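Sequence first, then the predicted structure:
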Amino acid sequence: MSADQLTILPPDHPLKGHVAPPGSKSITNRALLLAGLAKGTSRLTGALKSDDTRYMAEALRAMGVTVDEPDATTFVVTSSGKLNPSSEPLFLGNAGTATRFLTAAVALGQGRFVVDGDQHMRKRPIQPLVDALRSLGVAVEAPTGCPPVTIDATGRFEKNRVVIDAGLSSQYVSALLMAAAIAAEPFEIELAGADIGARGYIDLTLSAMRAFGAKVEQPSPSVWRIEPTGYTATDFHIEPDASAATYLWGAEVLTGGSIDIGTPATDFTQPDAKAYDVISAFPHMPAVIDGSQMQDAIPTIAVLAAFNKTPVRFVGIANLRVKECDRIRALSTGLNNIRQGLATEEGDDLVVASDPALAGQTLPASIDTFADHRIAMSFALAGLKINGITILDPGCVAKTYPHYWDALSSLGVALDRG
Ligand SMILES: O=C(O)C1=C[C@@H](OP(=O)(O)O)[C@@H](O)[C@H](O)C1
Ligand SMILES: C=C(OP(=O)(O)O)C(=O)O
């Protein structure tokens, strides 16, 4: 595949076949960390192998955990239960989960840890998590409010209660929750304000923690109480990635096809599975879509909205501006590049002016993906209906779905890699 660009040739047939999405990124990175914090050997099956999970696995290895990979979807993790300081900074690319989760986990290690990422991660905020850890007496420095983060850990928190502002990212709460079970005493986490991104990610965290032996109660919707159980090594199966599934659901409805992804939408526990109802309403998707509980699915739905019968306003998506790129800007830029006026940003809302007549047209457009896998994967859907859609830097899909282009090919989509 050319490293630079890829043009999608609209298929002249509905897409039909069987494509299983890879394992869940969110669950894989939780399970890897929890296995790394558990004494003994854990076998993680159905796992995602991609940039984000490779960075997590490599960071664990650098801290003394043995992570074996007997096959393409399995990690076997053997740990003493402790994360040891590494000689080099932990480099986590643009993996938000790995970066946030490890920042809190190493705060209960002993010694100096440096958590860093690529130039994109270095623009993604982590200050609220830094402030929370500081309030627990941990020496943490993040001069720009983004990685790199330097943590001088003493193996303990000085307090057993923390308040965290999760308005920018639910990952801060997940990070503290997972760390809290290895603290010395029962620990409470309280949310500052009611505002939190997809609550469903907190549920994923709790369910992974419980699978590894943690005990967590929720005395109120904004307070969690975590017992100091530590973690128990276990075998753990990871479900397919619901965000990856949204592209396949999108390809199915756009082409009037039938794609068997091997998992019914109702079987997923991840928040993005909620997108199925909206996507299956296509081309009659609602006039207003609240993205707050299915954030990573919004690029998929926004591209579909261009072909909907009626316009769609996306609300509750402000923190899409601090993901791998500013996704509201990337979506409006890409859609307007296809046809001027197709998208408007109104504050942090995105309004997509639907135009079903786009289908079948030739509208050459080079889509800047801003190194964001979801921008690449969602705009590929536009290429199923419009002739001339070229995705720049298509390799960025490796963050969470390295075989995405192969999946489209296997459904009979021709890709011009020239
Ligand atoms: O906890 C998780 O696994 C995730 C939480 C969400 O991020 P934020 O909490 O930063 O919104 C989501 O966008 C990300 O892809 C995965
Ligand atoms: C926001 C995302 O990832 P992360 O925050 O884990 O880097 C995503 O995968 O869409």
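Perfect, thanks for sending it. Residues are numbered from 1 along each chain as shown. Ligands and ions are numbered 1, 2, ... in the order given.

For stretch 234-242, measure first residue to last.
24 Å (C-alpha to C-alpha, to the nearest Å).

do stretch 78-97 as well
Across stretch 78-97, first to last residue, C-alpha to C-alpha, it's 21 Å.

Pull out the buried residues from it.
By neighbour count on 16 or more other C-beta atoms under 10 Å, the buried set for stretch 78-97 is 78-79, 82-83, 85-86, 89-97. Using the backbone N, CA and C atoms, a C-beta is placed for each residue, glycine as well.

Ligand 1 next: which of the residues you listed are close?
By C-beta under 6 Å from any ligand atom, the members of the buried residues of stretch 78-97 lying near ligand 1 are 96-97.

now, which of the buried residues of stretch 78-97 sits nearest Asp368?
Asn94 (16.2 Å; C-beta to C-beta).

Report how many residues lie close to Val288.
By the criterion of other C-beta atoms under 10 Å, Val288 has 13 neighbours.

again with Gly200
If you count neighbours by other C-beta under 10 Å, Gly200 ends up with 21.

Over to Leu6?
By other C-beta under 10 Å, the residues close to Leu6 number 24.

Surely Trp249 touches Ser280?
Yes. Assessed by C-beta atoms under 8 Å, Trp249 is found in contact with Ser280 at 7.2 Å.

Compare the two and say which one has the larger neighbour count.
Neighbour comparison, Trp249 and Ser280: the larger count goes to Trp249, with 25 against 12 (by other C-beta under 10 Å).

hang on, the earlier thing: which one of the buried residues of stretch 78-97 sits closest to Ser26?
Ser26 has its nearest neighbour among those in Thr97, at 6.3 Å by C-beta to C-beta.

Shouldn't that closest one be within a helix?
Yes. Assessed with DSSP: H, G, I helix; E, B strand; the rest coil, Thr97 lies in a helix.

Counting only strands, which of the buried residues of stretch 78-97 make the cut?
78-79, 90-91 (DSSP state E).

what's the closest of those to Arg30?
Ser79 (14.9 Å).

Run through the residues that contact Ala357.
Contact analysis of Ala357 by C-beta atoms under 8 Å, 6 or more residues apart in numbering lists nothing.

Assign it to helix, strand or coil.
With three-state DSSP as the basis, Ala357 sits in helix.

For it, give its distance to ligand 2.
In this view, Ala357 and ligand 2 are 30 Å apart by C-beta to the nearest ligand atom, to the nearest Å.

Repeat that for Pro219.
Distance from Pro219 to ligand 2, by C-beta to the nearest ligand atom: 28 Å.

cool, and Phe212?
Taking C-beta to the nearest ligand atom, one finds Phe212 at 20 Å from ligand 2.

count of neighbours near that residue?
Per other C-beta under 10 Å, the neighbour tally for Phe212 reads 23.

Let me see the contact set for it.
By C-beta under 8 Å, 6+ apart, the neighbours of Phe212 are 31, 34-35, 37-38, 42, 231-234, 236.

could those go into TSV alongside pLDDT?
Listed next are these as TSV, based on pLDDT from 0 to 100:
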residue	pLDDT
Ala31	99
Leu34	98
Ala35	98
Leu37	98
Ala38	98
Ser42	98
Tyr231	98
Thr232	98
Ala233	98
Thr234	98
Phe236	98
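
Please pick the buried ones from those.
Counted by 16+ other C-beta under 10 Å, the contacts of Phe212 give 31, 34-35, 37-38, 42, 231, 233-234, 236 as buried.

Which two among these are spaced furthest apart?
Leu37 and Phe236 (13.1 Å).

Okay, helices next: where are they in the chain?
In the chain, the helices defined using DSSP state H lie at 25-36, 51-62, 96-106, 127-135, 171-180, 200-211, 242-255, 275-280, 298-305, 327-338, 373-382, 404-410.

report the angle between the axes of the second one and helix 373-382?
It refers to helix 51-62. With axes from the mean of the first three to the mean of the last three C-alpha atoms, to 10 degrees applied, the angle from helix 51-62 to helix 373-382 works out at 160 degrees.

Ok, the third one next?
Taking the same axes, to 10 degrees, helix 96-106 and helix 373-382 form an angle of 160 degrees between their directions.

Show me the domain layout of the protein.
Domain ranges of the chain: 5-22+240-416, 25-237, per automatic domain parsing.

show me the contacts for the residue in the chain that ligand 2 sits nearest to.
Nearest residue of the chain to ligand 2, counting by C-beta to the nearest ligand atom: Gly96, 2.4 Å away. If you count contacts by C-beta under 8 Å, 6+ apart, Gly96 has them with 121, 124, 169, 171, 323-324.

Can you tell me which of those residues end up in strands?
If you go by DSSP E, the contacts of Gly96 have nothing in strands.
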